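Visitor: compute the structure for the input listed below.
(2 chains)
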Amino acid sequence: MLSWLQNQVVFSAVLSLVLIAGMMTCVAYCIYFERKISAWIQDRQGPNRVGFLGLFGNFHFWGLGQPIADGAKFFLKEDIIPARVDKPLFILAPAISMIVALIGFVVIPWGGSYMLGDTIMNVQVANPDVGLLYILGVGSMGVYGVVLGGWASNNKYSMYGAVRATAQMLSYEIPMGVAILVVVLASGQLRLEEIVLGQVGGNGLWNIVLHPVSFLILLITLFAETNRAPFDLAEAEQELVGGFHTEYSSMKFAMFFLGEYVHMITGSAFICVLFLGGWELSFFGIGPAFPGTGIEDVGLISVIIKIGVLAVKVAFFIFLFMLVRWTLPRFRFDQLMRLAWKGLIPVSLGILVLTVMGVYMGWQRSVLFNLGSEIAIVAATLGVVILANKPVTGRQDNMPVVTQPLGG
Amino acid sequence: MIPYILYVLFALGGAAIYLAMPKPSGSQRRAALILGVGVIAGLLALMSIHFVAPNSNNFFFYMFAGLAILAAGRVVTHPVPTYSAVYFALVILCVAVLLVIQRAEFLAVALIIIYAGAILVTYAFVIMLAQQSGAVSTDTRAREPLMAILVSFVIAGAIAGKIEQIDAVPVKLTAQVPQAVTDVPIETALPATEMESGHTKAIGEIMFGPYLVVVELSGILLLIAMVGAIAISRKQVPIEDTGEPKLPVGQIGREVPPF
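Guide: The predicted structure is shown next:
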């Protein structure tokens, strides 16, 4: 019955259709949960009115119909293209954002292998040799949407947003790349599926145990790459109206928004795959590899469990993204640059050097060596910071200081 | 015979680019477009007849090769520099697709990350900052278009003619390099182990085997260039003394009143 599915190309096509539909639904509900979480943090109710056409009387399902209403509103709003914008690029920019976000997830291994009939399928749209680099490449293209949108809007605020976004993304790509390189060196693989398999099973350890500091660096840079608070200087509402999307309305604005959320999902899945064992949940003995045997369970139930495990991990990170957004204040721009260039890059480079040494000595799976080297690097960094005795705010010590209250 | 057709096509292509160059009096865009598309069609037809037999894989090759040439033409002929940068990004993407078709995935992705993701964004950034008040008069006229086109198309034609001569004689590649362009299906061309571990490993082995010194030297060169760039860009900016009292280091930021 399902023999037509036993071709990886067909399977991938079906999978990507399912994934796009699932992603879009997830994004809609992410926006709902973002509003709910922000309300929870600010001691409000959040959206709680939109039910399902009042079919159930006064019971509104906690506002679960809100995403549908939001989507309908975006489609029905007037789509304004202001006069004197650069029209082709103005239209192209949200499309680039959206496309780049949507092609990123194809290399994420959602559920390992699946035995369908007598053929083994990858539950992954594509499994290229350079899957990890592919995600990096696609992610680095994401800045074009922001830059072109900001420039084409013919608006100073948009322009500032675009300029900030460019500088920020270029700076944070470096520690991101180096943190990822640590994982690549430790596992000796560029294929995401193989990186997961390296963390699976009896003697496999999640990379977060071996490289906790690299994990934190990657997490921080992901916040920056997805333009989320505390790195959302490109759309800082208090300073730049709306930043790069000031002039956008209706579905074009929604496409920037959807792009950001899909980017969040892909980024979370990426960090789960690299550091948290992807679909693995071996402490409970269920799922992919029965501990000790190293044989991957490829049955249907197992695949469903694997996908569920990865989904839970991703959901945790998305929750973290939202929690951070509504609790931490935004960086100032010089602090942002300082953090990347003087903090994250030296630390990640130090870890990289020690990891290379570990690989050379054959200690890449040694907890003692890896943890020890990461702790040493962090301690050295803290020592430098303390010894330098510079103000942590990043202000220059010979900057003029306001001593009188302004305006009486 | 084939080289002469190539040379004629290149000459026509140069003429098309010349016509499309921005001029204060307006460029002959329609003539340039017709000529340019004709030249690309001629090149692709020549290639499909003479060099590579068309099949489903080559279809993408012809599509993206044509797109890359068109976009490259727009890079040099578009009057707005931002568009030139965007078209350049398109060229990079098309070339990356060509590399993927030849199963050089690592090169393709590296090209995208380094060129489109970092260098071109920086270009676009500079162009946009320099150009906030609309098009300036320097953008409406090309600078020395005739000489530039003459030189570049003579070089391109010479290279193409030479490649055509080499291509007539079958060349044996060394065994350790995975043979990229070939009529043989990839699966049979590469041993099974190489397919498993992929081309990245092969590239790494070549780069850090026979070419180790070159790689290290270019790395050092880049490092020197980076240090030089930092040294050039760092300038001492004198800080004006406003006569206001200074707070000791460590208290700044805490003692400043909020309003």
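Visitor: give me phi/psi at the nearest residue to residue A:196 once chain neighbours are set aside?
Guide: Distances taken as CB to CB, 6 or more residues apart in numbering or on different chains put residue A:278 closest to residue A:196, at 3.6 Å, once the chain neighbours are dropped. Using the backbone N, CA and C atoms, a C-beta is placed for each residue, glycine as well. Main-chain torsions, residue A:278, degrees, to the nearest 10: phi 50, psi -120.
Visitor: pretty sure residue A:278 contacts residue A:307?
Guide: No. Applying CB atoms under 8 Å, one finds residue A:278 not in contact with residue A:307, separated by 10.5 Å.
Visitor: neighbour-wise, which of those two wins?
Guide: Using other CB atoms under 10 Å in any protein chain shown, the more surrounded residue of residue A:278 and residue A:307 is residue A:278, with 29 against 16.
Visitor: and the gap between residue A:35 and residue A:336?
Guide: Distance of residue A:35 to residue A:336, given as CB to CB, to the nearest Å: 26 Å.
Visitor: what do you get for residue B:113?
Guide: As for residue B:113, its distance to residue A:336 is 22 Å (criterion: CB to CB).
Visitor: now do residue B:201
Guide: Counting by CB to CB - residue B:201 and residue A:336 are separated by 37 Å.
Visitor: these two - which one has more neighbours?
Guide: Neighbour comparison, residue B:201 and residue A:336: the larger count goes to residue A:336, with 21 against 16 (by other CB under 10 Å).
Visitor: dump the residue contacts of that one.
Guide: A:168, A:171, A:224, A:231, A:233 (CB atoms under 8 Å, 6 or more residues apart in numbering or on different chains).
Visitor: hmm, try it at 10 Å
Guide: By CB atoms under 10 Å, 6 or more residues apart in numbering or on different chains, residue A:336 lies in contact with A:164, A:167-168, A:171-172, A:224, A:230-231, A:233, A:330, A:394.
Visitor: identify those among these that sit within helices.
Guide: The helices, defined by DSSP state H, take in A:164, A:167-168, A:171-172, A:224 from the contacts of residue A:336.
Visitor: what about the helix or strand where residue B:224 lies, near chain A?
Guide: Using DSSP states H and E, the secondary-structure element containing residue B:224 is helix B:212-233. No. If you take CB under 10 Å from any CB of the partner chain as the test, helix B:212-233 misses chain A, and the best it gets is 11.1 Å.
Visitor: show residues contacting that helix.
Guide: The contact list for helix B:212-233 (CB under 10 Å, 6+ apart) reads B:206-208, B:211.
Visitor: ranking by neighbours, what's the top pick from the contacts of residue A:336?
Guide: Counting by other CB under 10 Å, top hit in the contacts of residue A:336: residue A:231 with 27 neighbours.
Visitor: and that residue, what pLDDT?
Guide: pLDDT, residue A:231: 84.
Visitor: could you check how far residue A:75 is from residue A:252?
Guide: Residue A:75 sits 12 Å away from residue A:252, going by CB to CB.
Visitor: the closest residue to chain A within chain B: how many residues sit nearby?
Guide: Nearest residue of chain B to chain A (CB to the nearest CB) works out as residue B:117 at 2.7 Å. Residues lying near residue B:117 (other CB under 10 Å) number 25.
Visitor: check contacts around it.
Guide: Contacts of residue B:117 by CB under 10 Å, 6+ apart are A:136-144, A:169-170, A:173, B:89, B:92, B:109, B:111.
Visitor: what does stretch A:17-26 contact?
Guide: For stretch A:17-26, contacts defined as CB under 10 Å, 6+ apart pick out A:12, A:16, A:30, A:33, A:67, A:71, A:101-102, A:105-106, A:108, A:110, A:124-125, A:258, A:261-262, A:264-266, A:311, A:314-315, A:318.
Visitor: what does stretch B:145-153 give?
Guide: Contacts for stretch B:145-153 (CB under 10 Å, 6+ apart): B:7, B:10-23, B:76-77, B:142, B:144.
Visitor: so which of these sit within helices?
Guide: B:7, B:10-20, B:76-77.
Visitor: who touches residue B:68 in this structure?
Guide: B:40, B:90-98.
Visitor: got TSV for the residues you listed, with secondary structure and pLDDT too?
Guide: Compiled in TSV, those are given as follows (DSSP: H, G, I helix; E, B strand; the rest coil; pLDDT from 0 to 100):
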residue	secondary structure	pLDDT
B:40	helix	80
B:90	helix	90
B:91	helix	92
B:92	helix	91
B:93	helix	90
B:94	helix	91
B:95	helix	92
B:96	helix	90
B:97	helix	89
B:98	helix	87
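Visitor: and those, which two are the farthest apart?
Guide: Greatest spacing in the contacts of residue B:68, by CB to CB: B:40 and B:96 (19.4 Å).
Visitor: ok, the two, which is more surrounded?
Guide: residue B:96 (24 against 21).
Visitor: mind listing what the more buried one touches?
Guide: With CB under 10 Å, 6+ apart, residue B:96 has these contacts: A:137, B:64, B:68, B:104-105, B:107-113, B:115-116.
Visitor: repeat that with 6 Å
Guide: B:108, B:111-112 (CB atoms under 6 Å, 6 or more residues apart in numbering or on different chains).
Visitor: and if you look at residue B:164?
Guide: By CB under 6 Å, 6+ apart, the neighbours of residue B:164 are B:2-3.
Visitor: in what helix or strand does it lie?
Guide: Residue B:164 belongs to helix B:145-168, assigned by DSSP H and E.
Visitor: what about that helix, average pLDDT?
Guide: In the prediction, helix B:145-168 has an average pLDDT of 79.
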